[in-house]
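Q: Just to be clear, the model below is a prediction. Sequence and coordinates:
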Amino acid sequence: MIDLGPHAVFIIAAYAGVTLAVAALIFWTLFDARRTASKTAALEARGIRRRSAGPAA
Amino acid sequence: MTTDTAPKPSLWNRLAHPGQFVALTRSWLWPLTIVTAALFAVGLWFAFFNSPEDYQMGDTVRIMYIHVPTAWLSQFVYGIMAVSAIGSLVWRHPMADVSMKAAAPLGATFTALALFTGSLWGRPTWGTFWEWDGRMTSTLVLLLIYLGIVALWRAFDDQLRAARVIAVFTLVGAINIPIIKFSVDWWSTLHQPSSVFTMRGPHMPPSILTPLLVMAIAFTMLFLTLHLKAMHTEVARRRLMALQRQAAQTGASA
Amino acid sequence: MSAFAAVIARELRLSIRTGGDVLTLVLFFVMIGVVVPFAVGPDRDLLARLAPGVVWIAAFLSMLLGLDRLFRADHEDGTLILLRHADLPFSAIVAAKVIAHWIVSAVPLIVASPLLAVMLALDGAAFWRVVLSLLVGTPALAALGAIGAAVTVSIRRGGLIAPVLILPLAVPVLIFGVGAISTGPGPDLSGSALLFLAAISLITLALSPFAAALAISSGED
């Protein structure tokens, strides 16, 4: 690692904060997608379909 | 076979159908993710190992490589929202609604990050975390507008109705942002005659400009990837809500 | 034109009959001025320096907190649907309501502003600048408030969300409103600030009826 000089703590804090926020954003996006998909799957397993998808199997 | 005689729908019309949109763009997600990751790898390598320290600001110049891209995104995302709002009001494009809704929390996050990195950059260079400087203040007001829009989305029950109302508000905000920018600049020059911060702009040496550009493109690709994924989720959520209504109806009639 | 005047007259009659609102608004406005000396101390020089900001914040808050009633009652009893099908274009009706709202909620504040000026130790010249800047700036607040009220009218519990939405958009009004009062330590820019304030008022008054009408009709169909 290179020497970040006297203000290393600010640089590291900035990068760490951005990394954390971006990681949280990615995690939330994936989690939201996963959650919606699993809820839909649970409803479809109970035999509930959209009219456009034809009669329930 | 009606499909043979029917005219092939244009790309625009195919994109207007949520299911078609998801089917068409699902394969874009992985390439986008890989490009984003590669750009970040290159950009971060430049930022930490292959760029000199600035002769005035020293190593704190490295904060610029994440500050400027997030600040750029804070305005770019509002632009996306405003264009989607026009699409939603003028053409009633269903995917424009979805794009508007998916972009708002992302824009709020990037604006908050721009303020966060800006204040961490300000501490060593100006000596304070917060300066009521024109640029920072108008970014703060922009963040408040983003948060208002997010709150508005959450307040509505009917998302289809919400989209058109919020589109109106987004456009009002888009007209107002230049006025806010102007008034805040006027205000800050009134209160601090000596400018604390001047962007050196085109005088930046290429050794600093290259990582800055790479990081800006990387952050933009990150936003586009997350936005697309969030749009897919939003389409799925609307389908889920329709299914839940249907389940409630059949449950009530059974 | 007579229909336009009739809408204004209806709004004014309604607010006079339920007169408590106007009185409460003025009371709120004056009370902010009463509370500030308790918070910062009775130093007359300090109060005179803070006065322009205090008067504007008081006006700002009293106008934004009261904007919920602009469309809410008409939405709840269905009058808004009738008004949308009137001969007069709906944006003209909204414009009439904005004007009535300004008369009901801004004019009483301007009338009450001498009280604040006395309590906050403003001198005579500064007092007239306060009245002038309130007179020029409050139409913009009424117009922006109409947009906020229109956007949130179909939300059942939309009471606090309209001020939160409109506050950031109203920042320029506050900046130029205070700028038109205070001469500040530097060069005197209060004249140009007053002109900017007038420009903002005219722009928002011209645009907001259309935006508010569009927001109401897209929220209701």
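A: Yep, that arrived.
Q: Contact residues of the stretch 101-250 of chain B facing chain C?
A: Contact residues, the stretch 101-250 of chain B versus chain C (CB under 8 Å from any CB of the partner chain): B:141-142, B:144-145, B:148, B:151-152, B:155-156, B:161, B:164-169, B:171-173, B:175-176, B:179-180, B:182-184, B:186-187, B:190-191, B:193. Heads up, the C-betas are built off the backbone N, CA and C, glycines and all.
Q: mind listing what the residue in chain A that chain C sits nearest to touches?
A: Scanning chain A for proximity to chain C using CB to the nearest CB identifies A:Ala21 as nearest, at 21.8 Å. Contacts for A:Ala21 (CB atoms under 8 Å, 6 or more residues apart in numbering or on different chains) come out as B:109, B:112-113, B:116.
Q: Can you flag which of those belong to strands?
A: Where the contacts of A:Ala21 are compared with strands, as defined by DSSP state E, there is no overlap at all.
Q: what residue ranges in chain A score low on pLDDT?
A: A:1-5, A:50-57 (pLDDT under 70).
Q: So which residues of the stretch 51-200 of chain B form strands?
A: Using DSSP state E, counting those that start in this stretch, the stretch 51-200 of chain B contains no strands.
Q: For C:Ala95, see how far away the residue of chain A closest to chain C is.
A: The gap separating A:Ala21 from C:Ala95 is 44 Å, by CB to CB, to the nearest Å.
Q: Kindly report the same for C:Ala146.
A: Relative to C:Ala95, C:Ala146 is positioned 9 Å away (CB to CB).
Q: got the residues of chain C near chain B?
A: By the rule CB under 8 Å from any CB, the part of chain C lying against chain B is C:147, C:151-152, C:154-155, C:157-158, C:161, C:164-165, C:167-169, C:171-172, C:175-176, C:179, C:184, C:186, C:189, C:193, C:196, C:200, C:203, C:207, C:211, C:214-215, C:218-219, C:221.
Q: Can you select the buried ones among those for me in PyMOL?
A: Restricted to the buried members of these, where burial is judged by 16 or more other CB atoms under 10 Å in any protein chain shown, the PyMOL selection command reads as follows:
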select buried, chain C and resi 147+151+152+154+155+158+161+164+165+167+168+169+171+172+175+176+179+189+193+196+200+207+211+214+215+218+219
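Q: Which ones among the residues of chain C next to chain B map onto helices?
A: With helices identified by DSSP state H, the entries of these that belong to them are C:147, C:151-152, C:161, C:164-165, C:167-169, C:171-172, C:175-176, C:179, C:193, C:196, C:200, C:203, C:207, C:211, C:214-215, C:218-219.
Q: May I have stretch B:26-44 as CSV, with CA atoms only?
A: As requested, C-alpha coordinates have been extracted for stretch B:26-44 and formatted as CSV (Å, rounded to 0.1, in the frame of the first residue of the first chain):
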residue,chain,number,x,y,z
ARG,B,26,-32.5,-9.7,-18.4
SER,B,27,-29.5,-10.9,-20.5
TRP,B,28,-27.9,-7.4,-20.2
LEU,B,29,-27.4,-7.7,-16.4
TRP,B,30,-24.4,-9.9,-16.3
PRO,B,31,-22.4,-8.1,-19.0
LEU,B,32,-23.2,-4.8,-17.2
THR,B,33,-22.1,-6.2,-13.9
ILE,B,34,-18.8,-7.4,-15.4
VAL,B,35,-18.1,-4.2,-17.2
THR,B,36,-18.8,-2.2,-14.0
ALA,B,37,-16.5,-4.5,-11.9
ALA,B,38,-13.7,-4.2,-14.4
LEU,B,39,-14.0,-0.4,-14.6
PHE,B,40,-13.9,-0.2,-10.8
ALA,B,41,-10.8,-2.4,-10.7
VAL,B,42,-9.0,-0.2,-13.3
GLY,B,43,-10.3,3.0,-11.7
LEU,B,44,-9.3,2.1,-8.2
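Q: Now do that stretch, average pLDDT.
A: For stretch B:26-44, mean pLDDT is 92.
Q: How about B:Met221, nearest residue that isn't a chain neighbour?
A: Here the nearest residue to B:Met221 in space, its sequence neighbours aside, is B:Thr36; by CB to CB, 6 or more residues apart in numbering or on different chains that works out to 4.2 Å.
Q: my read: the one you found touches B:Thr220, true?
A: No. Here B:Thr36 lies out of contact with B:Thr220, judged by CB atoms under 8 Å, at a distance of 9.1 Å.
Q: The two: which is more packed in?
A: Between B:Thr36 and B:Thr220, counted using other CB atoms under 10 Å in any protein chain shown, the more crowded position is B:Thr36 (20 against 17).
Q: Next one: A:Ala8 from B:Phe48, what distance?
A: Distance, A:Ala8 to B:Phe48, using CB to CB: 12 Å.
Q: Show the contacting residues for the nearest residue to C:Ser154 once chain neighbours are set aside.
A: Of all residues not flanking C:Ser154 in the chain, C:Gly219 sits nearest, at 4.0 Å (CB to CB, 6+ apart). When the contact criterion is CB under 8 Å, 6+ apart, the partners of C:Gly219 are B:161, B:164-165, C:150-151, C:153-154.
Q: could you redo the last one with a cut-off of 6 Å?
A: The neighbourhood of C:Gly219, defined by CB atoms under 6 Å, 6 or more residues apart in numbering or on different chains, consists of B:161, B:165, C:154.
Q: Turn the residues you listed into JSON lines, including pLDDT.
A: Shown next, in JSON lines, are these (pLDDT from 0 to 100):
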{"residue": "B:Arg161", "pLDDT": "85"}
{"residue": "B:Val165", "pLDDT": "92"}
{"residue": "C:Ser154", "pLDDT": "83"}
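Q: out of those residues, who's nearest B:Ala82?
A: Minimum separation from B:Ala82 among the contacts of C:Gly219 (CB to CB) is found for B:Val165, which lies at 15.1 Å.
Q: returning to that earlier point: okay, buried residues for the host helix or strand of the residue of chain A closest to chain C please.
A: With elements taken from DSSP states H and E, the one containing A:Ala21 is helix A:8-45. By neighbour count, and taking 16+ other CB under 10 Å as the criterion, the buried residues in helix A:8-45 are A:10-11, A:13-15, A:17-18, A:21-22, A:25, A:29, A:32-33, A:36, A:39-40, A:43-44.
Q: got it, and stretch B:145-156?
A: Under the neighbour-count criterion of 16+ other CB under 10 Å, stretch B:145-156 has B:145-149, B:152-153, B:155-156 buried.
Q: Please identify which of the residues you listed is nearest to C:Leu67.
A: Within the buried residues of stretch B:145-156, the smallest distance to C:Leu67 is 14.5 Å, found for B:Gly148 (CB to CB).
Q: Quick one: name the residues of chain A near chain B.
A: Near chain B, the residues belonging to chain A are A:4-5, A:7, A:10-11, A:13-14, A:17-18, A:21, A:25, A:29, A:32-33, A:36, A:39-40, A:43, A:48 when assessed by CB under 6 Å from any CB of the partner chain.
Q: Looking at C:Ala146 and C:Ala95 now, which is surrounded by more residues?
A: Set C:Ala146 next to C:Ala95 and count neighbours by other CB under 10 Å: C:Ala146 wins out with 30 against 24.
Q: In this structure that one contacts C:Leu207, no?
A: No. C:Ala146 is beyond contact range of C:Leu207, at 10.6 Å (criterion: CB atoms under 6 Å).
Q: residue contacts, the closest residue to chain A within chain C?
A: Using CB to the nearest CB, the point where chain C gets nearest to chain A is C:Pro168, with a distance of 21.8 Å. C:Pro168 makes contact with B:141, B:144-145, according to CB under 6 Å, 6+ apart.
Q: Mind doing that once more with 10 Å?
A: Under the criterion of CB atoms under 10 Å, 6 or more residues apart in numbering or on different chains, the neighbours of C:Pro168 are B:140-148, B:173, B:176-177, B:180.
Q: Cool, thanks, talk later.
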